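1. Mind looking at a prediction? Sequence and model below.
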Protein chains: 2
Amino acid sequence: MGRDFKFLILCALGFLSFDAFAAKPPNMAEVLAASTSQDWRALDPENTLYVELPSGRVVIELAPAFAPLHVRNIKTLARAGYYDGLAVIREQDNYVAQWADPQNRHPIPAGVGKLPPEFDSPLPAHMIFTRLPDGDIYAPEVGFSGGFPLARSAALHRTWLAHCYGMVGVGRDLDVESGSGAEMYVVIGHAPRHLDRNVTLVGRVVKGVELLSGLARGSGEMGFYAKNEMPLPIRTIRVAADVPPAQRVNLEVMRTDTPAFAALIESRRNRPEEFFVVPAGHIDLCNVPIPVRERPLQSS
Amino acid sequence: MGRDFKFLILCALGFLSFDAFAAKPPNMAEVLAASTSQDWRALDPENTLYVELPSGRVVIELAPAFAPLHVRNIKTLARAGYYDGLAVIREQDNYVAQWADPQNRHPIPAGVGKLPPEFDSPLPAHMIFTRLPDGDIYAPEVGFSGGFPLARSAALHRTWLAHCYGMVGVGRDLDVESGSGAEMYVVIGHAPRHLDRNVTLVGRVVKGVELLSGLARGSGEMGFYAKNEMPLPIRTIRVAADVPPAQRVNLEVMRTDTPAFAALIESRRNRPEEFFVVPAGHIDLCNVPIPVRERPLQSS
């Protein structure tokens, strides 16, 4: 779809509410074109990571609301330069890309220890939650809150982030208290939801996941690179707030608590595009995209 | 897990039935080790494709039971050498790798035309079907038949292959009768189940999917490679039966209609490995692996 056409749609839809599509519901491009600035939020630089690879930048939105201790550790590690010079040591097909210190030579900075798990959190009494209507195989309820895919259980009084494509987790050993944030992985395959509530998730890749998913797979067990394979170096990992503003990328994430996002979900549950002769009528959590864009230039 | 340990488990489990694990159910490695030759089936060379890439061989098991017309076309195309010298022209992150004739220079051989869709089939009165117990977001019932993941609906009297990771489909245009098999795609991301019943699936990659999923993503719209990017060449695509036996790879696929496969499903629904503190208790269709192995040497 060309730029001019997008602009036309934007103009045409500017006068309509999302309810006005009852006859022919909008497709995702139309939902995005009809969105307003209130449907988007800027990333918080204090909770954004830039992973700098030789091939480009991966941007991660951290989720301090769900994993405050791990996010604090990770920011301390980033600010101490701990990650700089690490490598992607594992690339397991249809599963995860993982970075770590290949030779355990990087000293862990002071104040960073192993952490108790943050696999889930108490279900708050009031929670902004966009619930998906089609259920879930793994949890009683799933939906979105604060821009993240998550599950919850009223019976358990718990909520937890879900292992969808692009979600970022913290590696651990068998001991549930063995994770620190020094090793992280990114989901690059069909959602491994069995990891939910077994590993601490700390955020989501909002840009550049293809720089991690498009790597040659490791030939070792569990996708670890063998000795003759060259792991991809991690140049640096920085907290965006520590990067000079001119070097930041100004991304916006679509809010997940708006009528626009509800319209987006519907545009994916029942795709109105001519290609689809049998609309699915349903959608699973990890098939709902959470759109990200560069912040448009401010009009004066 | 070392080779010796595997052998020990094999010996220990040889005397037990799968029911004997009530106390501590087996993990997947143990299920595989305890399987017998009756739990596996060889690929039929007449319905196996070898896609030869510069990086190695991708093996596809075709599904003539579900898409007989398209499978016939594809074999005709392969035997005419149509695919030789094509390229992976599209690599869309979290979606598909697709090959086609980049410049439409390869003549379509005689007898290969556009086909009516084979999106689904009539539900047979008797069908060998291993049904998953945890339901599905997209279909009334899902499970396995003949080694493929599929869905079915008694109300619709239809059954159809499901778009799980590694499934192979036939590209088409808007017209549902525009597919021929000349273009194929492989799912390399979270299962795009909304494509079910909208595209004809023709098989599944049983070996080498990582040679397609581990490619740099295309920078063009929908993941098509831009002009300055080098699409990966397809050297040849051959029907395995046409390849000299010494050059074939003797793969076996685990049967999906056995107690061993039922035990495998259970080993993934509730992973007994010590790592998992909260077993999922459920599994979705596309998270069930269908194991493939090289055929063990025959004992005399």
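-> Looks like it arrived, so ask away. What you see is a predicted model, and the numbers here were worked out from it, not measured in a lab.
2. So, low pLDDT: which residues of chain A?
-> Within chain A, the segments meeting pLDDT under 70 span A:1-23, A:298-300.
3. repeat that with 90
-> In the predicted model, chain A carries pLDDT under 90 at residues A:1-24, A:102-106, A:110-111, A:125, A:227-228, A:230-231, A:295-300.
4. Please point out which parts of stretch A:169-182 sit buried.
-> Neighbour-count burial for stretch A:169-182, with 16 or more other CB atoms under 10 Å in any protein chain shown as criterion, is recorded at A:169-172, A:176, A:179-182. In this view, the C-beta of every residue, glycine as well, is placed from N, C-alpha and C.
5. what does that stretch contact?
-> Outside of stretch A:169-182, the residues within contact range by CB atoms under 8 Å, 6 or more residues apart in numbering or on different chains are A:67, A:70-71, A:73-74, A:77, A:82, A:96, A:98, A:100-101, A:108, A:112-117, A:119, A:163, A:183-187, A:195, A:199-202, B:274-275, B:277.
6. try stretch A:58-67
-> Residues outside stretch A:58-67 that contact it (CB under 8 Å, 6+ apart) are A:43, A:47-51, A:71-72, A:74-75, A:118, A:121, A:146-148, A:150, A:160-161, A:168, A:170, A:186, A:200-209, A:211-212, A:240, A:249, A:251, A:253.
7. Next one: A:Leu132 relative to A:His282, how far apart?
-> Here the criterion is CB to CB, to the nearest Å. By it, A:Leu132 lies 9 Å from A:His282.
8. From A:Arg295, how far off is the closest residue to A:Pro296 other than its chain neighbours?
-> The shortest distance from A:Pro296 to any residue that is not its chain neighbour, by CB to CB, 6 or more residues apart in numbering or on different chains, is 7.8 Å, and that residue is A:Ser37. In this structure, A:Ser37 lies at 9 Å from A:Arg295, with CB to CB as the measure.
9. Look up how far A:Arg172 lies from the nearest residue to A:Gly208 once chain neighbours are set aside.
-> Counting by CB to CB, 6+ apart, A:Val58 is the residue found nearest to A:Gly208 once chain neighbours are left out, at 3.8 Å. Using CB to CB, A:Val58 is found at 21 Å from A:Arg172.
10. A:Ala154 now?
-> 28 Å.
11. tell me which parts of the stretch 101-250 of chain A are close to chain B?
-> Taking CB under 8 Å from any CB of the partner chain as the test, the list of the stretch 101-250 of chain A residues beside chain B reads A:119, A:134-138, A:164-166, A:174, A:176, A:189-194, A:196-198, A:209-210, A:213-217.
12. In strands, which of the buried residues of stretch A:169-182 appear?
-> A:169-170 (DSSP state E).
13. So which of the buried residues of stretch A:169-182 is the closest to chain B?
-> Distances from chain B to those, taken as CB to the nearest CB, are shortest for A:Val176 (5.9 Å).
14. measure the closest one to A:Ile108 for me?
-> The gap separating A:Val176 from A:Ile108 is 19 Å, by CB to CB.
15. what's the answer for A:Gly208, then?
-> 26 Å.
16. looking at the sheet around the nearest residue in space to A:Ala162 that is not next to it in sequence, what are its partners?
-> The shortest distance from A:Ala162 to any residue other than its chain neighbours is 4.6 Å, reached at A:Pro149 (CB to CB, 6+ apart). Beta-bridge pairing of A:Pro149, defined through DSSP bridges, involves A:Phe144.
17. now A:Val187
-> In beta-bridge terms (that is, DSSP bridges), A:Val187 pairs with A:Val96.
18. is it true that it touches A:Ala162?
-> No - proximity of A:Val187 to A:Ala162 does not meet the contact threshold set by CB atoms under 8 Å, at 9.9 Å.
19. higher neighbour count, those two?
-> Comparing A:Val187 with A:Ala162 by neighbour count (other CB atoms under 10 Å in any protein chain shown), the higher total belongs to A:Val187, at 30 against 25.
20. contacting residues around that one?
-> If a contact means CB under 8 Å, 6+ apart, then A:Val187 has A:95-96, A:163-169 as its contacts.
21. one more time with 7 Å, if that's ok
-> Shown here is A:Val187, whose contacts under the criterion CB atoms under 7 Å, 6 or more residues apart in numbering or on different chains are A:96, A:163-167.
22. Which among the residues you listed count as buried?
-> Of the members of the contacts of A:Val187, the ones counted as buried by neighbours, 16+ other CB under 10 Å, are A:96, A:163-167.
23. Let me have the buried residues of stretch A:169-182 in a markdown table, extended by distance to B:Leu86.
-> Formatted as a markdown table, the entries for these read as follows, by distance: CB to CB, whole Å:
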| residue | distance to B:Leu86 |
| --- | --- |
| A:Gly169 | 38 |
| A:Val170 | 42 |
| A:Gly171 | 40 |
| A:Arg172 | 44 |
| A:Val176 | 49 |
| A:Gly179 | 45 |
| A:Ser180 | 48 |
| A:Gly181 | 45 |
| A:Ala182 | 44 |
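24. Fine by me, thanks again.
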